[in-house]
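S.K.: With the input below, show me the fold.
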Amino acid sequence: MQPKLTIQERLKDLRVERSLTLEQLSAETGISKSALGKYEADDFKDISPFSMVELAKFYGVSTDYLLGLTEQKNHPNTELDALHLGDDVIEVLKTGKFNHRLLSELICHKDFQRFMLDAEIYVDRIADMRVNNMNAVLEAVRQMALMKNGGEENDLYLRTLEVAQIREDEYFGSLIADDLKGILRDIRNEHRPDTMTADETSLVATVQGQLQDAMNFEGSSEEKQIRALMATIGLDYDTLTKEEFVSIISGLKKSKYLKSPINQRGKARPQMPHGNMKRKRKMKSMEYVGSYETTRGATMKNTFEIQNVTTDFSDYYSKSSISANTQSKMETIDFLAVPTRYEDQRYYFAQETVDFLKYCRIESPEHTFDILSDETAQIRSLHSFDIWMPVIWVASNVLLPLAVELISNYIWEKLKGREEEPAKVDVTLLVKNGTKEKSLHYSGDAKAFKEAFEQIDLNKMWSDDNDA
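M.R.: This next block holds a predicted model:
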């Protein structure tokens, strides 16, 4: 919000209020159109005294108003007595510790008088007696009906008579708030063009959008990093020539921040598939490796199972017409929500898993989180668990501790305010380690989730395998 209008803004507002073009104003004042246009330009500083006097005379305002020395257009010498203001009010107005322009706009708004009338009705309790009389009549009728009904209050007619009674404080408080909100909304819209009004789209949001576009770009890791760097300093990557791109790459390679790819996964990065871009794997029966059980309380049983698996999403890719670009997320995303097939033979994603990934993007922005789906994902909720995340793909075993930490923190966030109540969680993690894959499934007390994982040596569980 701009507390005080500039000379240029005052001149333009006065002209627009009278619906005049620059040509029409020039004809009325004898000042050239080009000069008048310059006077209203934001970067123009010098206005001749002759023009100032002529414009003040034409608009019927004081030169002090045009120069910004006063906010009074037409009444520069008005006596204070004529304003009917008390001494305390005058002292407040003289301090200047608030926005005088905003106060003036409030008072001049077309609905301000109605706001004052509603405030007077509320403060002086003008309508209280009528409201109370109406409530008394309704309550008397309700009591008579209640006696005839044998004291049974759960009746539609009786309840209608009860809720029809108005609580004057709540009613008038809401009425006055609506009056003021409407006035301020109009003023807010009028202030949009002001130079001191905040932009509707923040610079941070703009840069975040540019960075996201850069990371979604299908190209080499170097190109992604260059796009991200260009976005942070407001340069358009697509305008770079091939020679400029090569020069920038050669220079930035000296930076310690560009010596490794953005998406680091340790040594367990899978090889890119050949042929039609599908990950062709044969499903084999799941082998039970070990379990951990504990009982927390008298009614909740917790199980933690580790199984060797070989994942195969070819059926999902085929039935859901998943694009090759989406399939490649298995190779490029750190944490990925994958679908589960249900009795109707359709694939769904858990709503809780989607919410969890949104949480992770905020808590761990240096990693990538996504969903193995094109734009239209089928979402499903299961209400038998407080927290239900059926399948989350973890691209590398080195990311498993982070996955456990994020899930644990998410659980505590979800249970805030009801820590003492029992809550059930069901989570399955599919973890990749070279050519091996494991399913880690926990079901039971939400508070024991992290405790269950702490009982397992996550590094040893790979070395003890006999399925390599």
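S.K.: For the stretch 301-450 of the chain, give me the ranges with low pLDDT.
M.R.: 343-344, 375-377, 380-385, 419 (pLDDT under 70).
S.K.: If we use 90, what do you get?
M.R.: For the stretch 301-450 of the chain, applying pLDDT under 90 flags the ranges 301-334, 336-405, 407-427, 429-450.
S.K.: quick one: the helices in it?
M.R.: Secondary structure of the stretch 301-450 of the chain, counting by DSSP state H, counting those that start in this stretch: helices at 314-319, 324-327, 329-332, 351-363, 400-414, 449-454.
S.K.: pull the longest helix from this protein.
M.R.: Longest helix in the chain, counting residues (DSSP state H): helix 168-190.
S.K.: For it, what is the distance to the chain centroid?
M.R.: Computed by Cα atoms, centre = their mean, to the nearest Å, the separation of helix 168-190 from the middle of its chain amounts to 25 Å.
S.K.: Same check on stretch 163-175?
M.R.: 33 Å.
S.K.: May I see the buried residues of it?
M.R.: Using 16 or more other Cβ atoms under 10 Å as the test for burial, stretch 163-175 gives 168, 172, 175. In this view, the C-beta of every residue, glycine as well, is placed from N, C-alpha and C.
S.K.: Okay, and the closest residue in space to the second one that isn't next to it in sequence sits in which element?
M.R.: Spatial nearest neighbour of residue 172, chain neighbours left out: residue 122 (4.0 Å); criterion: Cβ to Cβ, 6 or more residues apart in numbering. Secondary structure assignment for residue 122, by DSSP states H and E: helix 112-123.
S.K.: In that helix, which residues are buried?
M.R.: 115, 118, 121-122.
S.K.: picking that back up, make CSV out of the helices of the stretch 301-450 of the chain and add distance to residue 184.
M.R.: Below are the helices of the stretch 301-450 of the chain laid out as CSV (distance: least, Cβ to Cβ, whole Å):
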stretch, distance to residue 184
helix 314-319, 52
helix 324-327, 46
helix 329-332, 46
helix 351-363, 32
helix 400-414, 35
helix 449-454, 47
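S.K.: Please tabulate the ones you listed in TSV, including the columns distance to residue 424 and mean neighbour count.
M.R.: As requested, those are exported to TSV (distance: least, Cβ to Cβ, whole Å; neighbours: other Cβ atoms under 10 Å):
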stretch	distance to residue 424	mean neighbour count
helix 314-319	27	14
helix 324-327	32	15
helix 329-332	30	17
helix 351-363	12	17
helix 400-414	11	18
helix 449-454	10	18
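S.K.: Minimum distance to residue 107: which of these has it?
M.R.: The closest of the helices of the stretch 301-450 of the chain to residue 107 is helix 351-363. By Cβ to Cβ, the value is 43.6 Å.
S.K.: starting at the chain centroid, how far to the closest one?
M.R.: 14 Å.
S.K.: same for that helix, what does it pack against?
M.R.: strand 335-337, strand 369-371, strand 379-380, strand 387-394, helix 400-414 (3 or more Cβ pairs under 8 Å, 6 or more residues apart in numbering; DSSP states H and E).
S.K.: now for those, which one comes closest to residue 227?
M.R.: Closest among the helices and strands packed on helix 351-363, using Cβ to Cβ: strand 369-371, at 18.3 Å.
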